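K.L.:
what shape does this take:
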Amino acid sequence: MTTRAVRRAGLALLHGMALAGLGVPGAAALLVVHLAFFVPGFGLGLLPLVPLPILAGRPLTDLVRRLAAAGSGTPLGSPYRPRPAPLEPEADGRYPHHNRLYRHSWMPRFLRLLDWLLGDPATFRDLGWMTLTPAVGLLLGGLPVALVGAGGWYAVSAVDRHWWAVPAGLAVAVAGLAVAPWLRTRHVRWTRWWLGPTQRQPGRLRVWYGFQLLLLLRLLCLLGLSLLALPLAAISAVALVLAYGLGIVVVLPPLIQNLRWLPELRRELAGRWSGVGVESPYLPRPGLPDRRPDGRYQVGNNLYQTERWAAYNVRLRWLVRDPASWRDFGWLLLDPVVGGLSLAAPLAAIGYGIFGLAMPRLWMLVGAKPAGGTDWYASVAGVDAAAIPVGLALAALGLLAAPAVLRGNGGWTALLLAPTAKAKLALRVRRLTETRADATENQAAELRRIERDLHDGAQARLVAMGINLGNVEYLMDKDPEAARALLAEARQASAKALTELRDLVRGIHPPVLAERGLVDAVRALALDTPVRTEVTAELPGRAEQPIESAVYFAVSELLTNAVKHARAARITVDLGYADGRLRIVVADDGRGGADGSRGSGLRGIARRLGTFDGVVDLSSPPGGPTTVILEVPCALSSPRTSIS
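P.N.:
Reported below is the predicted structural model:
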C-alpha cells in the first residue's frame, strides 16, 4: 500500500471508530432512557414525560449526521419537521387546537408539541437507528479496528512460537486497513439512510408495521389514562364526602373544574384515534348577577351583599347543576374497570403470546433455560414445541382485536361523556347566539364597505358629472369647444361610474351566481385565477341563495390565499353533496404552513359559514400541500340554469 493509501485507510479507520464509538454507547443509553420515559409516559398516563427523551436524543443524532456528512463530503440536512409556530389566543382569550378551544395555553401547547414529535417520521427513524446501531454500527465501524488490533497483537505475542506470526498478523492488519474505507462508506450510507431527510415511499410491510406499532401505542396510552382515573376517582370520592357529609362545599368548584381536563382529553382522543366524535357537554358559563336597586345581588332565591359571594354561588350552581359534572364522576369510577380491562385484553394477549409462550419454548429448543430456571407455565399438549404456534396465535389474536377494541373504547367514552339532550340544547343556543352576533357584525361591516365604496367611487363621479354639466350649460353659448370637451369628460365619468356600480353589485352578489348557480360561479373564479385551477363538481341541485353566496366568497378567499400566500402552482376545487351537507374541498400544492389562529381570513371564513352551522377543517403541514374542507348542512332544490 502506498503512503497516500495508508493515510486514507487510517483516516477511514478513525472516522469509522468515531461513528461506532459515538453511536453504540450513546444510542444504547438513550434507548434505555426512551424506555424509562415511554413506559410511565404511555403505560401510566404520564404523557408530559414522552417528549423529554425525544428532544434529548436529537442532539446526538444531529452530531452523527454532521460526522457522516464530513465522511462523505455531502451535507446531510435535518429531517425534522419545523417546530410549530407559537400559539396565539383568539379575540376572546381562548386558545384553539384542532376543533376545540382551551381557556389556558398549556394544554394546547403540549398537544401541539406531542403532535409535532409523534407525527414526524424522523422521530421513529431515530428510534430505529438507536435500536440497530449497537449491532450494525459496531460491526461496520469496529471490524476494521478489530482486524488491525488483532493482527498487531498476534504478530507481537506469537512471534516467539511461530515463524509465520509476523507476516500473518501484518496481513490481518493490512486487511483491516484495506476494508476500512469500504466499510466506512457503507457505514455512512447506512447512517444517511436512517437519519437523513428522505422522500422514499415506505413499503407495504413498513406501513403495516408502523400502523400496528401506532395502534398499540394508542392502546397503551389510553390504558395509562384509564389507570390515571383511579387516583382522581379516589380524590373525587373524598371531596364528595367532605362536601355533602361534612358540609365543606367549598372544595367542590375547584375539584370539578380541575378534573375536567382528563375527560376533555379522552373526548378529543376518541375523535382522533377511534373515529367517534364526542362534543364537549358542559353548559356555558353564566355571567355575573346584576345588582338590584337595593344594592344586593340575587342568585336564585338568595340575596348577597357582595358581588364576590354572589359570583361564587353562581359558579357553584353552574358546576353542581351541570349533568356533565356527575357523568364525569361516574366515568372516573367506571373507566378503570370497563375501559381499562378492555384495553388491557389485546395488550395482554400479545405479551402473553410472544413473551410468555413463544420465547421460553424457543429457549428450550436451543438448549437454554428460561430466566429463573423454571417454565412460566405448563406445555401445551405435553409438547414444548406446540406452545410456539399457540403463543403466536394469541399474539395475532391480540393484533386483530386491537382496532375493534380501540373503536369500542371510543363508543364507551361517548356513552358516558357525550352531551345530554339538555346540554346539546344549551350548546345549540350558545352557538346560535354567537353566530347571530357574527352575522350581525358581518352585515354591519358589509354595509359600511358598500357605503364607503359608493361614497369614494360612484358618488364622487356623479357629483363631478353634475358640476361638469353645470359648466357645460354655462359655456354652451360662450365657448362651444370647451362645453364639448366637458361633455366628453362627463360621458367618460358616467361610464366609469357605471363600471364601479357593476363591480359593487358583483361584490354583493355576483350575477353569474344568481343566474348560473354555485358551480358555474366557482368555475368563473377558476378562470380568473392566475394559476392552473381545476374544478370538479357533482351537485344534484342548488342550495339557498345565502348559503351559495357564503360558500362562493369563502372559495374566493381560499383561492386568493393559495395564490398570494401559499404561492401554489396548481389548485383543485371539488364540490359535492352527501348526507345533507354541501362539501367543498380546496387543495393546493403550495408551501403550506397556514394557521387559522394567526390570520383573519380563515377566521372570517369560519365565522361566515358558522352562521349556517358550517365548519372549516384545515390541513396545512409545513411544506404543503394545503387542504381546506368546507361543510355546510343544507337542502338542495331542483337545479336552475337561468332566471325565470
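K.L.:
buried ones in the helix or strand containing residue 133, by neighbour count?
P.N.:
Using DSSP states H and E, residue 133 maps to helix 121-157. Across helix 121-157, burial judged by 16 or more other C-beta atoms under 10 Å covers 122-123, 125-127, 129-130, 133-134, 136-138, 140-145, 147-148, 151, 154-155. Where C-beta positions appear, they are placed from N, C-alpha and C, glycine not excepted.
K.L.:
check stretch 582-594 too.
P.N.:
For stretch 582-594, the buried set under the neighbour-count rule, 16+ other C-beta under 10 Å, comprises 582, 584-594.
K.L.:
again with stretch 552-572
P.N.:
Buried-residue list, stretch 552-572, by 16+ other C-beta under 10 Å: 552-559, 561-563, 566, 568, 571-572.
K.L.:
chain center to stretch 307-327, what's the gap?
P.N.:
Remark: stretch 307-327 is offset 34 Å from the chain centroid, using C-alpha atoms, centre = their mean, to the nearest Å.
K.L.:
pLDDT averaged over it - what is it?
P.N.:
For stretch 307-327, mean pLDDT rounds to 81.
K.L.:
can you offset everything so residue one is 725?
P.N.:
With the count now opening at 725, the last piece we talked about shows up as stretch 1031-1051.
K.L.:
buried ones in that stretch?
P.N.:
Result for stretch 1031-1051 [16+ other C-beta under 10 Å]: buried residues 1034-1035, 1037-1040, 1042-1043, 1046, 1048-1049, 1051.
K.L.:
and for stretch 1342-1352?
P.N.:
Result for stretch 1342-1352 [16+ other C-beta under 10 Å]: buried residues 1342, 1344, 1348-1352.
K.L.:
and for stretch 812-828?
P.N.:
819-821, 824, 826.
K.L.:
likewise for stretch 982-1002?
P.N.:
983-984, 986-988, 990-998, 1000, 1002.
K.L.:
for residue 1069, state which of those is nearest.
P.N.:
Among the buried residues of stretch 982-1002, residue 998 lies closest to residue 1069 (C-beta to C-beta), at 15.9 Å.
K.L.:
hang on, the closest one packs against residue 1134?
P.N.:
Yes - between residue 998 and residue 1134 there is a contact under C-beta atoms under 8 Å: 2.5 Å.
K.L.:
just checking, what packs against whichever strand or helix holds residue 1134?
P.N.:
Following DSSP H and E, one finds residue 1134 within helix 1111-1141. On a contact count with 3 or more C-beta pairs under 8 Å, 6 or more residues apart in numbering; DSSP states H and E, helix 1111-1141 meets helix 928-964, helix 985-997, helix 1047-1058, helix 1062-1075, helix 1083-1089.
K.L.:
how about a markdown table for these, with distance to residue 907 added?
P.N.:
Output for the helices and strands packed on helix 1111-1141, formatted as a markdown table (distance: least, C-beta to C-beta, whole Å):
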| stretch | distance to residue 907 |
| --- | --- |
| helix 928-964 | 26 |
| helix 985-997 | 44 |
| helix 1047-1058 | 57 |
| helix 1062-1075 | 38 |
| helix 1083-1089 | 32 |
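K.L.:
out of those helices, nearest to residue 1200?
P.N.:
Proximity to residue 1200 (C-beta to C-beta) singles out helix 985-997 among those, at 76.5 Å.
K.L.:
residues making contact with the closest one?
P.N.:
With contact meaning C-beta atoms under 8 Å, 6 or more residues apart in numbering, helix 985-997 is reached by 822, 824, 831, 835, 942, 945-946, 949, 952-953, 956, 1000-1004, 1052, 1055-1056, 1130, 1133-1134, 1137-1138, 1141.
K.L.:
filter those down to the buried ones and hand me the PyMOL line.
P.N.:
Buried subset of the contacts of helix 985-997, written as a PyMOL selection, criterion 16+ other C-beta under 10 Å:
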select buried, resi 824+831+835+942+945+946+949+952+953+956+1000+1002+1003+1004+1052+1055+1056+1130+1133+1134+1137+1138+1141
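K.L.:
sorry, back to before: report the two of the buried residues of stretch 812-828 separated the most.
P.N.:
Greatest spacing in the buried residues of stretch 812-828, by C-beta to C-beta: 819 and 824 (9.5 Å).
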